[in-house]
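Novice: Mind looking at a prediction? Sequence and model below.
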Amino acid sequence: MTEELDGRRVTAQAALVAQSFVGLADSLVDDFDVVELLDRLVADCVELLEVSAAGIMLLNRDRTLDVMASSDEASRTVEVFQLQSHSGPSIDVVRTGTPVSHVDVESLKRRWPAFGHAVEDAGFSAVHALPMRLRRDKLGALSLVTTTEPALSEADLRLAQAMADVATIAILQQRALSRASVLTEQLQLALNTRIVVEQAKGVISEFGGVDMGHAFDALRVYARDQRLKLSAVAHAVVSRQLDPARVIERRPPP
């Protein structure tokens, strides 16, 4: 019976992996929203891998990093801390183009003291950072954090890197259709869109009386159900063209 259950788990896991790659690969042949693509990537990482959270940083037009996607607010805080302190695994990965793994907080604190303490305060115990690059083209980094041991296996890390590679190719393939400068503008637009998404999360969070994570989930569900891009829904919420009540129930009166 145990072997049969294990076999079912493997089959289910394989189906989820296949579904994830099909979803990411859709971006290679169709018009796509970079914000939605990267949100899909971090969500899939949390669902498919033994990680607590995931985040993505991308280089902007000034070749400096911005937080582009995060699976929850705790991981976003850790990513922002790296930017503010100019140190951390994602910073090093973008600079060197090679993966970085630290599987305990003490090693993190030895390598990046301030960042290591921030990770510990957030309740995480291990950090893996993977490059989003293709040959010489560097776009950013995917970070994976866990709250429990053991750290990610080599197989899981290879899967995460493959998912990051597909997302990277989906973005860089635009160079086959347009000038590199156009791609830069597209990435900058995506980063600007991320700001609007964060504003929309704040509106939904306040209206529904929920945390930012639940607010983001509500936005994604509404966008999926209405067959709209996440960015379009966020713009509509922020500009008051979309009633928040259509996205989430109002906070009950005290």
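Specialist: Received, thanks.
Novice: what domains does the record give for the protein?
Specialist: The chain breaks down into these domains under automatic domain parsing: 2-176, 178-254.
Novice: Tell me which of those domains sits most buried.
Specialist: Neighbour counts (mean count of other Cβ atoms under 10 Å) averaged over each of the domains of the chain peak at domain 2-176, with a mean of 18. Placement of C-beta: from N, CA and C, glycine included.
Novice: hang on, the earlier thing: dump the domains of the chain into CSV; add mean pLDDT as well.
Specialist: Shown next, in CSV, are these (pLDDT from 0 to 100):
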stretch, mean pLDDT
domain 2-176, 77
domain 178-254, 82
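Novice: Now Glu79: which helix or strand?
Specialist: In this assignment (DSSP states H and E), Glu79 forms part of helix 73-85.
Novice: Which neighbouring elements make contact with that helix?
Specialist: Judged by 3 or more Cβ pairs under 8 Å, 6 or more residues apart in numbering; DSSP states H and E, helix 73-85 is in contact with strand 53-59, strand 65-70, helix 89-96, helix 113-121, strand 137-146.
Novice: Which secondary structure elements does the next helix or strand along the chain from the third one sit against?
Specialist: Think helix 89-96. Of the helices and strands lying after helix 89-96 in sequence (DSSP H and E), the nearest is strand 100-102. Judged by 3+ Cβ pairs under 8 Å, 6+ apart, strand 100-102 is in contact with helix 89-96, strand 126-134.
Novice: Listing partners with orientation, what would you give for the last one?
Specialist: Spelled out, that is strand 126-134. Neighbouring strands of strand 126-134 in its sheet, by DSSP bridges, are strand 100-102 (antiparallel), strand 137-146 (antiparallel).
Novice: CSV for those, including distance to Ala170?
Specialist: Below are the strands paired with strand 126-134 laid out as CSV (distance: least, Cβ to Cβ, whole Å):
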stretch, distance to Ala170
strand 100-102, 23
strand 137-146, 11
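Novice: Can you check my assumption that Thr148 lies in a helix?
Specialist: No. Going by DSSP: H, G, I helix; E, B strand; the rest coil, the assignment for Thr148 is coil, not a helix.
Novice: show me what contacts it?
Specialist: Thr148 makes contact with Ser52, Ser125, according to Cβ atoms under 8 Å, 6 or more residues apart in numbering.
Novice: try 10 Å this time
Specialist: Glu50, Val51, Ser52, Phe124, Ser125, Ala126 (Cβ atoms under 10 Å, 6 or more residues apart in numbering).
Novice: Leaving out sequence neighbours, find the closest residue to the second one.
Specialist: What that stands for is Val51. Nearest residue to Val51, sequence neighbours excluded (Cβ to Cβ, 6 or more residues apart in numbering): Leu144, at 4.5 Å.
Novice: Determine the three-state secondary structure at the spatially closest residue to Gly208 that is not a sequence neighbour.
Specialist: Counting by Cβ to Cβ, 6+ apart, Gly208 lies nearest to Ile248, which is 3.8 Å off, once chain neighbours are set aside. Under the three-state scheme (three-state DSSP), Ile248 adopts coil.
Novice: Ile248 contacts Ile204, doesn't it?
Specialist: Yes. Judged on Cβ atoms under 10 Å, Ile248 makes contact with Ile204 at a distance of 5.5 Å.
Novice: can you list residues touching both of these two?
Specialist: With Cβ under 10 Å, 6+ apart as the test, Ile248 and Ile204 both reach Val210, His214, Ala215, Asp217, Ala218, Leu219, Tyr222.
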